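# Got a predicted model here, sequence first, then my questions.
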Amino acid sequence: MNSKTNTYKQNIKGWMVVACGGIFYMYQFMIRVSPNIMNNELLSNFALDAAGLGVLLGAYNWSYSAMQLPLGITIDRFGPRLFLCIAATLCGLSCFIFGNTTSPLIGGCARFLMGMGSACGLIGTIKLGTLWLEPKHVAKVTGLVILMGTAGAGLGGAPLEMILNEVGFKNTMEFLGFIGLIVSIIIYFFVSNYPPVDHHEELLDIYANNHPFTDILLLLKTPQAWILAIYGMLMYLPITVIGVAWGVSFIRTTYQVSDISAATIVSTMFFGAAIGSPFFAYFSDIAKNRRLPMFCGSFVTTIVWFIVIIFQVPYYLLYVLFFVGGFAYTAKCLSFASICETMPLKMSGVSIAFVNAIVMSTGTIFLPIIGVLIDYHNNGRTLLDVPCYNGEDYRFALVIVPISLLISFIIVFFMKETHPDHKIPKEYGSFATNDIV
């Protein structure tokens, strides 16, 4: 009984530690999506067009992606606590810089530093879960982390828009900066790398004696790792393109509504994701299957964004479509569970980092491209020397989203099943097989 009690207490402590890491992931998602409600302020403050804004915002993704593998290697060796503390501080200080400059170069550098700090959020938090909790909980840990992140994205929509309208761009960024410093203090005092249990030395030995270049080479030589990473990248595209950069402007110009109304609709996508992430985690564990939920999520989100981008639907229907699109996209979180189950457990940090680096390359690749396409279709229209975009400009560029999601749907057929308790229920047909279809 005493042993069971100790295990129960350790599990509770483990989930609390993971939640502290999740607070940082929630915060970094707020600053990641904040430009969506600031398009006009950023275009004016930095004197940019859509292409220039795409490059400025893409700086976040450059550093985020570049830091993934180095962070994965070092977190596997030294634990995530210190890195999470430094990351939260860096994000906070970067917000102060971003809000107090009109130089596109300095603003781009600040976004670059934000991305560098934010890069630690997902890897560090899931790594805490693999250190504190049993491997069978990895999908639930991922679901919790994604839930907290998407809740942060929701807060970075309409609620942050209200603050922006009340206090202005500079003060809003300083507000976000102070939050980052507070999060850093919370992590410092409440997070530790390893649970205080008898096999503490064993954990230290497992996670401190990796061979990083061997691990990376193994990842690069594993086709399944690439398949999971590319699936995650394509499924994440609506968040990067619509949730972070162009969604508010697209809705505002297409449906002729206020920024707050448009931001509310975009926030609905993140509320859907907050429900979807634990749903897909539990659905996957109950079905003992990773591929089936990923197939369902990919299919639904492809249909939703095809409708949103191509058709002029009744305005009220946008709330439903964005909610369902956000809900379905979170099937992507299972790619993180699958990579942890595909690669050795000691490589969980660098494995998650590899997938996340590919996922976050969506901003690096697609934000500048979509900015260029918007400007191309706009054909130089201006209002008081500021670029003037309409709904058709955004539709022309954003059609990339449903096309990419359709490709993610096809990719599922090339995945292997990885659930540790996997059995082959007849009703799942080919989705239950371990072979590549």
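Everything's here; your move.
# wait, residue 67 sits on residue 122?
No: judged on C-beta atoms under 8 Å, residue 67 makes no contact with residue 122 at a distance of 11.5 Å. Bear in mind the C-beta positions are built from the backbone N, C-alpha and C, glycine included.
# The two: which has the busier surroundings?
Using other C-beta atoms under 10 Å as the criterion, residue 67 and residue 122 rank with residue 122 on top: 30 against 22.
# Secondary structure element for the more buried one, which one?
Under DSSP states H and E, the secondary-structure element containing residue 122 is helix 120-132.
# Just the CA atoms of that helix, as PDB, please.
Provided in PDB are the C-alpha atoms of helix 120-132 (Å, rounded to 0.1, in the frame of the first residue of the first chain):
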ATOM      1  CA  CYS A 120      12.400  24.900 -25.800                       C
ATOM      2  CA  GLY A 121       8.700  24.800 -24.900                       C
ATOM      3  CA  LEU A 122       7.400  21.700 -26.500                       C
ATOM      4  CA  ILE A 123      10.700  19.600 -26.300                       C
ATOM      5  CA  GLY A 124      11.300  20.600 -22.700                       C
ATOM      6  CA  THR A 125       7.800  19.900 -21.500                       C
ATOM      7  CA  ILE A 126       7.400  16.600 -23.200                       C
ATOM      8  CA  LYS A 127      10.800  15.600 -22.000                       C
ATOM      9  CA  LEU A 128       9.700  16.300 -18.400                       C
ATOM     10  CA  GLY A 129       6.800  14.000 -19.100                       C
ATOM     11  CA  THR A 130       9.100  11.100 -20.300                       C
ATOM     12  CA  LEU A 131      11.300  11.600 -17.200                       C
ATOM     13  CA  TRP A 132       8.600  11.900 -14.500                       C
END
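# Give me the angle between whichever helix or strand comes after that helix and helix 120-132.
Next along the chain after helix 120-132, taking DSSP H and E as the criterion, comes helix 138-155. Interaxial angle of helix 138-155 relative to helix 120-132 (axes from the mean of the first three to the mean of the last three C-alpha atoms, to 10 degrees): 150 degrees.
# which strands and helices sit next to the following helix or strand past helix 138-155?
Remark: after helix 138-155, the chain's next helix or strand is helix 158-190, criterion DSSP H and E. Helix 158-190 sits against helix 2-33, helix 39-45, helix 81-99, helix 259-287, with contacts defined as 3 or more C-beta pairs under 8 Å, 6 or more residues apart in numbering; DSSP states H and E.
# report the angle between the axes of the helix holding residue 122 and helix 2-33?
Angle of helix 120-132 versus helix 2-33, following the same axes, to 10 degrees, is 170 degrees.
# who does helix 120-132 touch, helix- and strand-wise?
helix 2-33, helix 50-78, helix 81-99, helix 138-155, helix 334-342, helix 348-378.
# Can you add distance to residue 249 and give those helices back as JSON lines?
As requested, those are exported to JSON lines (distance: least, C-beta to C-beta, whole Å):
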{"stretch": "helix 2-33", "distance to residue 249": "13"}
{"stretch": "helix 50-78", "distance to residue 249": "9"}
{"stretch": "helix 81-99", "distance to residue 249": "19"}
{"stretch": "helix 138-155", "distance to residue 249": "17"}
{"stretch": "helix 334-342", "distance to residue 249": "29"}
{"stretch": "helix 348-378", "distance to residue 249": "9"}
